[in-house]
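Student: dropping a prediction and its sequence here:
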Amino acid sequence: MNILNLVRLAIRAMQRNKFRTFLTMLGIIIGVAAVIAMMAIGQGSKQSIQASLSSMGSNMITVIPISNTRGGVRLQGSSIQTLRMTDVDAIRKMQSPDIVGISPVVSTNGQAIKAENNWPTSIQGVDVDYPDIRQLKIKDGIMFSESDVKSFAKVCILGQTVITNLFPGGENPIGQIIRFNKVPFQVIGTLVPKGVSSFGQDQDDIILAPYTSVQARLTATNYLQSIYTSAANETVSDTATKQIINAIRISHRLKNSDDNDFDVRTQAELISTISSTSSMLTVLLTAVAAISLLIGGIGIMNIMYVSVTERTKEIGLRMSIGARGIDILMQFLIEAVIISITGGLIGIVLGVSSAQAINIFMHWPILISEASIVLSFLVCAITGVFFGYYPAQKASRLDPIEALRYE
Amino acid sequence: MSKKIVEVQNVKREFVMGTETVRALKGVSFTVMEGEFVTIMGSSGSGKTTLLNMLGCLDKPTEGNYLLDEVNIVKLSRNELAKVRNTKIGFVFQSYNLLPRTSALENVELPLFYNPSVTAHERKERALKSLAAVKLGDRSDHMPNQLSGGQQQRVAIARALVNDPVMILADEATGNLDTRTSYEVMAMIQELNEQGKTIVFVTHEPDIAAFSTRTIVLKDGKVVKDSINENKRSAKAMLEGLPVTEDY
């Protein structure tokens, strides 16, 4: 018997017992629908959790000069002058795909002044990548450009706290000139407020300016306080860290026996939070999926056993007119697979539409991935084969003489 | 002239039931030539069911040889036996054994499904021809529950004919039918026999044996009588001789 005939035969057998076929399918339908809907909700919330964690800068890698000992006196990191632009260039030169942004940071404290208002704050001398690395967004105006950096331009971007204190009347700061420690800077942009960080630090009390301008006009230094970089994503964070360490070690001409004279810090805690949240969700969903499909599969096995017993005489007849064991095996196996695949397809439709309904009526974020659909479909087919095999094998091993006499 | 279809040589069959060994056949030998209509008779326990299973290639002898159409069945595997059943034997059962909720045509087609050399087109053509041969050409789309017992048995005969077997093996084929319909069925079998089909008919009813050309009687696992039936009765004539029943 060829496959086409077997499929037709199976469909006819299913039609003969429509209601029972439907009940058998129901287990699979509910199982698959549950899996698809759960995965859509789970992945949707996972994605939104990940997005909010990423906005905290989970990809960020910072390089700071390490607290070093000079003649027995331990020096504070910021007073160490080992981190230079050559290190930034060394990291840039690697052109690693794992590192997507890099910016030197030179900062200094001082008094920002505008007309009769003044405010004690700090200015960050940075490069153009800095807002992306820190997940800072420009609200009004523009970020300064590379040519501003090259030309030591006296331009700056203001955080919300600085704006509130320098422009209490609420006038537009864009285009205005402020002074920082007597050096005039033109405001070309403002930042979207970020609020207070988890460490109680006001993240909006910030002025950004080209690092060249800060170095030349304010600090009169040529070293950096730190280097900020950003990994392409959380998973390559470790690789990127290793690459950065190598680049700086070479740039600092450290011997193999030397310790690092700098420290590279990642957001390890954030990363582990993200990965544990995602893996917990994945485990939970996989468990639900497995249990639902297991129950559906047992349903199929149960009905197929009943079907084999009920059709013993038919099996005997088929064998007596020339069906081989394999023909009978295939007949029942294909029936089980068709039941599970049909149930799976209905389940996919039901699952996708219920996920959409949840999204529309309850406003939960959902993400229907093709992978989850393909996966649950494959699992269905495998379930059909796995749970259909034993009843089918039982059928194929019947003795035709006894099967024919079965009442 | 005609060839040997069945050659049973000193066949023995034993069943082990717990500690006891039941000897169902104790050395049976006979030959059936092409075109013969043989009835195998015997009371229950005579071994005729065991012999039937053997002749139908559903079972193999413990000892001895069975040649069907010059092929020694004893040496064949389970799958090879299935192929022999598919191509050389047409079964007719007491309880018809038609697939329920399946049309007469599809029931007749069934053996050809298991023969990969028959195309879908040929399958349908042969099934229709076979149904026409049992005079049910106009009932091909009827389900078994829409047919009378006699008609169902004729569908079963059509199914046995469809693979053009070397032998039709009937097991109490009239056992479930009343006198009139059983004569009808016997008339049909006689007609097939007259067209040259070899028929082996297992029964315990002596008046059925009267329609055949030869009778083999089994008792306690041995052939006790093997006789040519000199005055074969015609089932058709008997049917005409029956009083006209009042059809309801």
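Tutor: Great, that's in hand.

Student: and the residue of chain A found nearest chain B, what pLDDT?
Tutor: Nearest to chain B, among the residues of chain A, is A:Gly322, at 2.4 Å (Cβ to the nearest Cβ). Quick note: C-beta positions are derived from backbone N, CA and C, even for glycine. In the prediction, the pLDDT value recorded for A:Gly322 is 90.

Student: ok, the one 3 residues further on next?
Tutor: pLDDT for A:Gly325: 91.

Student: for B:Lys83, see how far away the closest residue to it other than its chain neighbours is.
Tutor: Taking Cβ to Cβ, 6 or more residues apart in numbering or on different chains, and ignoring the residues beside it in sequence, A:Gly325 has A:Ser396 as its nearest neighbour in space, at 4.1 Å. Plainly put, A:Ser396 is 16 Å away from B:Lys83 if you go by Cβ to Cβ, to the nearest Å.

Student: would you mind telling me which of those two has the busier surroundings?
Tutor: With other Cβ atoms under 10 Å in any protein chain shown as the criterion, A:Ser396 and B:Lys83 differ in neighbour count, and A:Ser396 comes out ahead with 21 against 16.

Student: longest helix of chain B?
Tutor: Longest helix in chain B, counting residues (DSSP state H): helix B:179-194.

Student: can you classify the residue nearest to A:Val183 when sequence neighbours are not counted by secondary structure?
Tutor: Leaving aside its chain neighbours, A:Val183 sits nearest to A:Arg217 (4.9 Å; criterion: Cβ to Cβ, 6+ apart). Classification of A:Arg217 using DSSP: H, G, I helix; E, B strand; the rest coil returns helix.

Student: so which residues on the stretch 1-150 of chain A come close to chain B?
Tutor: Taking Cβ under 8 Å from any Cβ of the partner chain, the part of the stretch 1-150 of chain A that reaches chain B is made up of A:1-2, A:5, A:12, A:16.

Student: where does pLDDT dip in the chain?
Tutor: In the absence of a named chain, chain A is used. A:1, A:53-58, A:67-79, A:198-199, A:269-271, A:274-275, A:278, A:282 (pLDDT under 70).

Student: other chain: chain B
Tutor: B:1, B:245-248.

Student: where along it do the helices fall?
Tutor: Residue ranges of the helices in chain B, as given by DSSP H, are B:48-55, B:78-88, B:104-113, B:120-133, B:149-161, B:179-194, B:206-209, B:235-241.

Student: which residue does chain B have closest to chain A?
Tutor: For chain B, Cβ to the nearest Cβ, closest residue to chain A: B:Asn86, 2.4 Å.

Student: burial measure for that residue, as a count.
Tutor: Other residues within reach of B:Asn86, judged by other Cβ under 10 Å, total 21.

Student: go ahead and confirm it touches B:Pro116.
Tutor: No. At 10.0 Å, B:Asn86 does not count as touching B:Pro116 under the criterion of Cβ atoms under 8 Å.

Student: list residues touching both of these two?
Tutor: Residues touching both B:Asn86 and B:Pro116 do not exist when contact is defined as Cβ atoms under 8 Å, 6 or more residues apart in numbering or on different chains.

Student: list the contacts for the closest residue to B:Lys232 other than its chain neighbours?
Tutor: Spatially, and ignoring its direct neighbours in sequence, B:Lys232 is nearest to B:Thr213 (5.8 Å; Cβ to Cβ, 6+ apart). With contacts taken as Cβ under 8 Å, 6+ apart, B:Thr213 has the following neighbours: B:36-38, B:193, B:228-229, B:232.

Student: residues from the stretch 201-350 of chain A in reach of chain B?
Tutor: The interface of the stretch 201-350 of chain A toward chain B, taken as Cβ under 8 Å from any Cβ, is made up of A:313-314, A:316-327.

Student: filter those down to the buried ones, ChimeraX style.
Tutor: Buried subset of these, written as a ChimeraX selection, criterion 16 or more other Cβ atoms under 10 Å in any protein chain shown:
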select /A:313,314,316,317,318,319,320,321,322,323,324,325,327
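
Student: can you say which two of the residues of the stretch 201-350 of chain A next to chain B are spatially most distant?
Tutor: Within these, A:Lys313 and A:Ile326 form the most distant pair, 20.0 Å apart (Cβ to Cβ).

Student: my guess is A:Phe387 contacts A:Ile300. True?
Tutor: Yes. With contact taken as Cβ under 8 Å, A:Phe387 and A:Ile300 are classed as touching, separated by 4.7 Å.

Student: who touches both of these two?
Tutor: With contacts taken as Cβ under 8 Å, 6+ apart, the residues that reach both A:Phe387 and A:Ile300 are A:336, A:340.

Student: the residue of chain A closest to chain B reaches B:Lys83, doesn't it?
Tutor: Yes. Between A:Gly322 and B:Lys83 there is a contact under Cβ under 8 Å: 6.6 Å.

Student: next up, the contacts around B:Gln85.
Tutor: Check again: residue B:85 is Arg, not Gln. For B:Arg85, the contacting residues are A:319-322, B:56-58, B:91, by Cβ under 8 Å, 6+ apart.

Student: any chance of the contacts of B:Thr213 in CSV, plus neighbour count?
Tutor: Listed next are those as CSV, based on neighbours: other Cβ atoms under 10 Å in any protein chain shown:
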residue, neighbour count
B:Glu36, 20
B:Phe37, 23
B:Val38, 25
B:Asn193, 21
B:Ile228, 10
B:Asn229, 16
B:Lys232, 15
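
Student: for A:Pro65, state which of the residues you listed is nearest.
Tutor: Distances from A:Pro65 to the contacts of B:Thr213, taken by Cβ to Cβ, are shortest for B:Val38, at 108.4 Å.

Student: show me what the closest one bridges to in the sheet.
Tutor: Here B:Val38 sits in beta bridges with B:Val200, B:Arg214, going by DSSP bridges.

Student: how about the helices of chain A, start to end?
Tutor: For chain A, the helices identified by DSSP H occupy A:3-16, A:18-54, A:85-94, A:130-134, A:146-150, A:160-166, A:211-213, A:237-251, A:268-310, A:312-320, A:325-362, A:370-396, A:400-405, in order along the chain.

Student: export those as CSV, with columns for distance to A:Asn260.
Tutor: Listed next are the helices of chain A as CSV, based on distance: least, Cβ to Cβ, whole Å:
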stretch, distance to A:Asn260
helix A:3-16, 66
helix A:18-54, 28
helix A:85-94, 12
helix A:130-134, 21
helix A:146-150, 28
helix A:160-166, 35
helix A:211-213, 23
helix A:237-251, 7
helix A:268-310, 17
helix A:312-320, 76
helix A:325-362, 49
helix A:370-396, 41
helix A:400-405, 79
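
Student: B:Asn97 is nearest to which of these?
Tutor: Ranking the helices of chain A by distance to B:Asn97, with Cβ to Cβ as the measure, places helix A:312-320 first at 4.6 Å.

Student: counting contacts, what elements does that closest one pack onto?
Tutor: Counting by 3 or more Cβ pairs under 8 Å, 6 or more residues apart in numbering or on different chains; DSSP states H and E, the packing neighbours recorded for helix A:312-320 are helix A:325-362, helix A:400-405, helix B:78-88.

Student: which of those helices sits most buried?
Tutor: helix A:325-362 (a mean of 20; mean count of other Cβ atoms under 10 Å in any protein chain shown).

Student: name the helices or strands packed onto that one?
Tutor: Packed next to helix A:325-362, using 3+ Cβ pairs under 8 Å, 6+ apart, are helix A:3-16, helix A:18-54, helix A:268-310, helix A:312-320, helix A:370-396, helix B:78-88.
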